[in-house]
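Enquirer: predicted model and sequence below, questions to follow.
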Amino acid sequence: MTISPNKKIYFASDQHLGAPTPELSFPREQKFVAWLDDVKKDADTIFLLGDLFDFWFEYKTVVPKGFVRVLGKLAELRDSGIPIYFFVGNHDLWMNDYFEKELNIPVYHDNKEFTFNNKTFLIGHGDGKGPGDKGYKRMKKVFTYPFSKWLFRWLHPDLGVKLAQYLSVKNKLISGEADVKFLGEENEWLVQYAKRKLETKHYNYLIFGHRHLPMVIKVGENAEYINLGDWIGYFTYGVFDGENFELKKY
């Protein structure tokens, strides 16, 4: 695909809207909506790389209450003709077809390749990738197993959503207790994952979220691993102008 003249591609991840409470999350939602309103002026495409919500589950006729401002803004941008792609994260992995049917936004549950202006991209949320974190990988299989989702769906939404939100807020990344520091290339699982992917196919940019640390690391010849950071403490996003990629702060 070719980017239109004077247009850009934008990337954002890990807003965790709804955490630690809807009231405390509201200013961050307002800020993210303001960012969407700003980038629509020259956005060719927008990529959202998961954990937009701190919890999301789609019952057959019910979705979690709230988030009307961000959902309305996404609908506005899609209706104006701006393509938006959504990759589920580990907090909103139970997303099905609501975004596709209501907002006309494709939803991906794993990495996907794109090419813009002859630059190749590998894009995804990043959870469960690379070596290590075997406990989470096993748990993710349980969470995504159809029978597990079927069981959860039988809980009344008032109970199911409340329980899930309680467990989600226990996440130390949200509470601020986590020691989120750069571990060095040899210990950053997504860096190692990016290098392994490059052994079989070349990408100019391997872009992920999940880690909550904004970083750009050279992982090969004309190849960069990018983590988009988050909208909890960093408020960072990525932008590709057709030739170069840059991390920026809003």
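Expert: Thanks, I have it.
Enquirer: what about D158, how many neighbours?
Expert: 9 (other Cβ atoms under 10 Å). C-betas here are computed from N, CA, C, even on glycine.
Enquirer: now it, what's its secondary structure?
Expert: Put simply, D158 is helix when judged by DSSP: H, G, I helix; E, B strand; the rest coil.
Enquirer: same question, Y10
Expert: Under three-state DSSP, Y10 comes out as strand.
Enquirer: any chance you could map the helices in this protein?
Expert: Secondary structure of the chain (DSSP state H): helices located at 22-39, 68-79, 98, 134-144, 146-153, 157-169, 172-175, 189-198.
Enquirer: which residues are in contact with the second one?
Expert: It refers to helix 68-79. Outside helix 68-79, the residues that touch it by Cβ atoms under 8 Å, 6 or more residues apart in numbering are 15, 17, 29-30, 32-33, 36-37, 40, 43, 46, 52, 84, 102-105.
Enquirer: try 10 Å this time
Expert: 15, 17, 26, 28-30, 32-37, 39-40, 43, 46, 48, 52-53, 63, 67, 82-84, 86, 98-99, 102-105 (Cβ atoms under 10 Å, 6 or more residues apart in numbering).
Enquirer: check contacts around the closest residue to F121 other than its chain neighbours.
Expert: Sequence neighbours aside, F114 is the residue nearest to F121 in space, at 4.5 Å (criterion: Cβ to Cβ, 6 or more residues apart in numbering). Each residue near F114 by Cβ under 10 Å, 6+ apart is listed here: M1, I9, T45, F47, Y85, T120, F121, L122, I123, Y203, Y205, I207.
Enquirer: tell me the confidence at F114?
Expert: If you check F114, the pLDDT there is 98.
Enquirer: pLDDT below threshold where in this protein?
Expert: Within the chain, the segments meeting pLDDT under 70 span 132-145, 147-152, 160, 163-179.
Enquirer: and with 50 instead?
Expert: 174-178 (pLDDT under 50).
Enquirer: tally of neighbours for N117?
Expert: For N117, the neighbour count with other Cβ under 10 Å is 13.
Enquirer: ok, it touching I9?
Expert: Yes. N117 is within contact range of I9, at 9.4 Å (criterion: Cβ atoms under 10 Å).
Enquirer: name the residues contacting each of the two.
Expert: Counting by Cβ under 10 Å, 6+ apart, the contacts common to N117 and I9 are M1, I3, F240, D241, G242.
Enquirer: just the residues you listed now: which is nearest Q192?
Expert: Comparing the shared contacts of N117 and I9 against Q192 with Cβ to Cβ places F240 closest, at 23.9 Å.
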